[in-house]
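Engineer: all I have is the shape, not the residue letters:
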Ligand SMILES: NC(=O)c1ccc[n+]([C@@H]2O[C@H](COP(=O)([O-])OP(=O)(O)OC[C@H]3O[C@@H](n4cnc5c(N)ncnc54)[C@H](O)[C@@H]3O)[C@@H](O)[C@H]2O)c1
């Protein structure tokens, strides 16, 4: 089949590669000419392990053709960004642009799938928009002569190629025939089970999955703030509570980051603004946790006259270079903006200071050993493997703040933990 994948980012490029490897002729479309240029010149982004190599193979063989324009195909898959606007509503402008590009190419019997995460009802609205542009693709009863579905992504950055194929998927069409058509398309390359439903349920399912994670993390974060207030060690407390056979409290941290979990719960709020009190409150708790950890670091820094603060890790989770919505980066940036002191950034996964920090004269990159030597306050923000055991290496007279915001005094020589 001819497949057009629109949007070649974290989701779209691996999908285009997997589709090309499973025998489809794939056109990979992106409006960012840099993305297309680098794919055409064989210079592949190191987003995922082996992705560059596999993308090179399929572009060299012609199975994947990168392009900046949409063209006729049997199947169109949309994987463009759906960021959050300032008013906490979904910015669907890129999905709308993709639909504008698909409209003139669409023919009866084609399948249009939205993989981008969207508020409930978006797929139906996009189909209505396509029919407005192409009334010739409506039956006399007003039904679309093309198929349409939502099939949300569940991939984990760092394991996208495996999970794209191996994880169960929810596939929801705007009508039963569309569901069937989409299930048949995905069964060509997904080895996990395909669960058929309707488009609205599929949209809601993705949002609920991420809201569920957000609520669980918020609970752990709230417990950790309560513990600090009552002078109880949160790590020990959660470890003890989890000895209960039916309790599983997650590890608290400096907030929630990444492309999905801090964003998608707001799409649920947008879909039915009056209902979600728990989901809204969890989001606010996780946002507050970032500010709270920032406050703890500033509190530790205030014990020194000209504090030097080491920020260990900027990525939103351990062992990746992804800074999107990262609470660690936000904390580092706020420390700089509030002129809390001299900031040393240790981020082994990123070769240079990110743009968000580059303009601050008292912020610089540092190696771990130099940071441990120079800093008065060492704030572990992201638990990268390079920082394992760091809490036992902080010299006496310095302060260590863990990702959860707990303040620890440095350890005297001879009493250091291994
Ligand atoms: N990254 C993830 O782990 C993940 C997981 C599940 C779901 N999602 C969802 O998938 C969607 C895509 O996310 P992503 O992480 O791949 O985004 P991304 O930012 O990595 O990539 C999106 C790509 O789309 C391109 N683009 C923007 N507008 C375009 C247009 N009109 N036509 C063609 N290309 C266009 C951009 O240039 C970019 O290269 C989002 O809705 C996201 O919420 C992402």
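Structural biologist: Looks like it came in fine. Treat the numbers as computed from the prediction; the structure is a model and nothing was measured.

Engineer: could you look up the SS state of the residue in the stretch 201-350 of the chain positioned nearest to the ligand?
Structural biologist: Ranked by C-beta to the nearest ligand atom, the top residue of the stretch 201-350 of the chain for proximity to the ligand is residue 259, at 4.4 Å. Backbone N, C-alpha and C define where each C-beta goes, glycine included. Here residue 259 is recorded as coil under DSSP: H, G, I helix; E, B strand; the rest coil.

Engineer: residue contacts, it?
Structural biologist: 10, 157, 322, 324-325 (C-beta atoms under 8 Å, 6 or more residues apart in numbering).

Engineer: if you set the cut-off to 10 Å instead, what comes out?
Structural biologist: 9-11, 81-83, 117, 157, 210, 316, 322, 324-325 (C-beta atoms under 10 Å, 6 or more residues apart in numbering).

Engineer: with residue 340 instead?
Structural biologist: With contact taken as C-beta under 10 Å, 6+ apart, residue 340 is in contact with 294, 297-298, 300-302, 307, 309, 334, 362, 377.

Engineer: of the residues you listed, buried ones?
Structural biologist: Those of the contacts of residue 340 that meet the buried threshold are 294, 297-298, 300-301, 307, 309, 334, 377, by 16 or more other C-beta atoms under 10 Å.

Engineer: give me the number of neighbouring residues for residue 226.
Structural biologist: Close neighbours of residue 226, defined as other C-beta atoms under 10 Å, add up to 12.

Engineer: in a helix, it, correct?
Structural biologist: Yes. Assessed by three-state DSSP, residue 226 belongs to a helix.

Engineer: touching, it and residue 234? I think so.
Structural biologist: Yes. The pair formed by residue 226 and residue 234 meets the contact definition of C-beta atoms under 10 Å, at 8.4 Å.

Engineer: what's the local residue count around the closest residue to the ligand within the stretch 151-300 of the chain?
Structural biologist: For the stretch 151-300 of the chain and the ligand, the shortest gap (C-beta to the nearest ligand atom) falls at residue 153, measuring 3.6 Å. For residue 153, the neighbour count with other C-beta under 10 Å is 21.

Engineer: which SS state does it fall under?
Structural biologist: Under the three-state scheme (three-state DSSP), residue 153 adopts coil.

Engineer: picking up where we left off before, so which of the contacts of residue 340 belong to strands?
Structural biologist: Among the contacts of residue 340, the ones falling in strands (DSSP state E) are 309, 377.

Engineer: where does residue 220 land in three-state SS?
Structural biologist: From three-state DSSP, the assignment for residue 220 is helix.

Engineer: quick one: contacts for it?
Structural biologist: 234, 238, 249-253, 285-286, 289, 404 are the contacts of residue 220 under C-beta under 10 Å, 6+ apart.

Engineer: from these, keep the buried residues only.
Structural biologist: For those, a burial check counting by 16+ other C-beta under 10 Å picks out 234, 238, 249, 252-253, 285-286, 289, 404.

Engineer: and those as CSV, adding secondary structure and pLDDT?
Structural biologist: Shown next, in CSV, are these (DSSP: H, G, I helix; E, B strand; the rest coil; pLDDT from 0 to 100):
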residue, secondary structure, pLDDT
234, helix, 94
238, helix, 97
249, coil, 98
252, coil, 95
253, coil, 94
285, helix, 97
286, helix, 97
289, helix, 97
404, coil, 88
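
Engineer: got the residue ranges for the strands in the chain?
Structural biologist: All strands of the chain, identified by DSSP E, fall at 2-6, 25-29, 64-67, 75-78, 111-114, 147-150, 169-173, 194-198, 308-312, 342-346, 363-365, 377-380, 399-401, 407-409.

Engineer: re earlier: name the nearest of the buried ones among the contacts of residue 220 relative to residue 389.
Structural biologist: Residue 389 has its nearest neighbour among these in residue 404, at 16.7 Å by C-beta to C-beta.

Engineer: circling back to that earlier point, out of the contacts of residue 259, who's the most crowded?
Structural biologist: residue 316 (27 neighbours).

Engineer: that one is in contact with residue 261, isn't it?
Structural biologist: Yes. At 9.2 Å, residue 316 and residue 261 qualify as touching, with contact defined as C-beta under 10 Å.

Engineer: who touches both of those two?
Structural biologist: Common neighbours of residue 316 and residue 261 (C-beta under 10 Å, 6+ apart) are residue 325.

Engineer: quick check: residue 192 touching residue 151?
Structural biologist: No. Between residue 192 and residue 151 there is no contact under C-beta under 10 Å: 12.0 Å.

Engineer: who has more neighbours out of those two?
Structural biologist: Set side by side, residue 192 and residue 151 show more neighbours around residue 151, with 24 against 14, by other C-beta under 10 Å.

Engineer: the more buried one contacts residue 190, doesn't it?
Structural biologist: Yes. Taking contacts as C-beta under 10 Å, residue 151 lies within contact range of residue 190: 9.3 Å.

Engineer: sounds good, over and out.
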